[in-house]
Every structure is written in C-alpha cells, then in structure tokens.
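[1] predicted coordinates and the sequence they were generated for:
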Amino acid sequence: MANLNKVFLIGNLTADPELRYIPGTGTAVADLRMAINRSWSSRDGERREEVLYIDVTVWDRMAENCCKYLKRGRPIHVEGYLKQETWESNGEKRSKIKVVADNVQFLDRGDRSGGESSGSGNEEGYGPPPPRSTSRFSSGSREVAPGGPAPRGPGGSYDGGGSPPARPARPAPPPPSHDDEGDDIPF
C-alpha cells in the first residue's frame, strides 16, 4: 500500500510571519504559526472547542509573499506535508511535528469595512472566478495588481505581482451540449 503525507489546514495566524534567509544560498524561509479550532457537541449537548497550534514553514517566493501580505489574525489555507524535527535539549531528545507548505492561500476575513485588506477582492477562492481558458491545460500564471494577494503560478507557488488579467466584457457562452455522446464513450 502506498503512503500519503498530505495535509490541508484552514486557520488563523497567531503571530506575524517571520522571514529569514539561508546563509550562502539566500533562500527565503518564513515561519508561520497558526491556530485551528475544532468544535463539537458532547453527548450531553454541551458545546466544546479545542484549539490546535501548528508551526508552518514556507519557502522561496511564497515565503516572501506571506511576510509581505500576511499579519497576525489573518485566515489562511495551507496545503503541505508533515515533517518531524528532532533535537537535543539538556541531554533529552526532543521532537515536534510541523507542516511544510506547498501552497498557502490568503483567505478573506469577510469584513470589508475598510480594515486591513490585501487588495483585489478576488483572493484565492473568493470573488468571481478568473476567465476560463479555451485550452484544457493552462501554462500561464494568473497575476494581480501590486498590493493584492500573491498569485499562484503553474507549480502552485506564488510568483509575484503585475496587472490583473483582462476580464471579458460579456459573459462566456454556455458550454456545448453533450447530449449526442451516446455510444462514443471510449470505455
């Protein structure tokens, strides 16, 4: 049986991201700390809640963008994998599990009252969808205006600013009808 080490987390930052650079290579690394709440009702109907605190490591351009756009309290969605760190402290072996992010999405708080916002109104997963490509596979990356959320590139990483893609002036036509597929299905 194959193994799978993949996590998807949604929570709030408990501190501002901390950015550092690896000496010699100059690779950017950001440390994020997030809190994830879990609520449930006990058998007697009492509402219960627990909070889990998770350390997340983000690399390269995505790390720089997280530090540029994220602040304490901001909700995020993290996709990544678990990694165990081990060290020795006072002669005792210690370890902890953290998440290494493959992708970080900046989520909207939902409060559009003029408070802190990262800009475009179409943060990953929110607002109207971007225009669809006529090709089944897209090789380009989406871009947003400076000051907006960092766009995701083809590899899932955030790759910079720029100007937003042009939106069509009229709605896209409906997809073609597939009523005539019948026996043409290849399986």
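    Looks like it came in fine. Numbers count the residues shown, from 1 in each chain.
[2] any weak-confidence spans in the chain?
    For the chain, the stretches with pLDDT under 70 are 109-187.
[3] strands along that one, start to end?
    7-13, 18-21, 28-41, 47-59, 75-89, 92-106 (DSSP state E).
[4] nearest to Lys68, of the ones you listed?
    Of all these, strand 18-21 sits nearest to Lys68, with 8.8 Å by C-beta to C-beta. Just so you know, the C-beta spots here come from the backbone N, C-alpha and C atoms, and that holds for glycine as well.
[5] what pairs with the closest one, parallel or antiparallel?
    Strand pairing for strand 18-21, using DSSP bridges, gives strand 28-41 (antiparallel).
[6] quick one, the strand it pairs with and strand 47-59 angle?
    Relative orientation of strand 28-41 versus strand 47-59 (axes from the mean of the first three to the mean of the last three C-alpha atoms, to 10 degrees): 170 degrees.
[7] now strand 28-41: buried residues?
    Ala28, Ala30, Asp31, Leu32, Arg33, Met34 (16 or more other C-beta atoms under 10 Å).
[8] same question for stretch 14-27.
    In stretch 14-27, counting by 16+ other C-beta under 10 Å, buried: Pro17.
[9] and that stretch, end to end?
    24 Å (C-alpha to C-alpha, to the nearest Å).
[10] can you list contacts of it?
    28-35, 53, 58-60, 63-64, 66-67, 70-72 (C-beta atoms under 8 Å, 6 or more residues apart in numbering).
[11] closest to Gln84 out of the buried residues of strand 28-41?
    Asp31 (16.2 Å).
[12] the closest one contacts Trp59, correct?
    No: using C-beta atoms under 8 Å, Asp31 makes no contact with Trp59, being 10.9 Å away.
[13] appreciated, that's everything.
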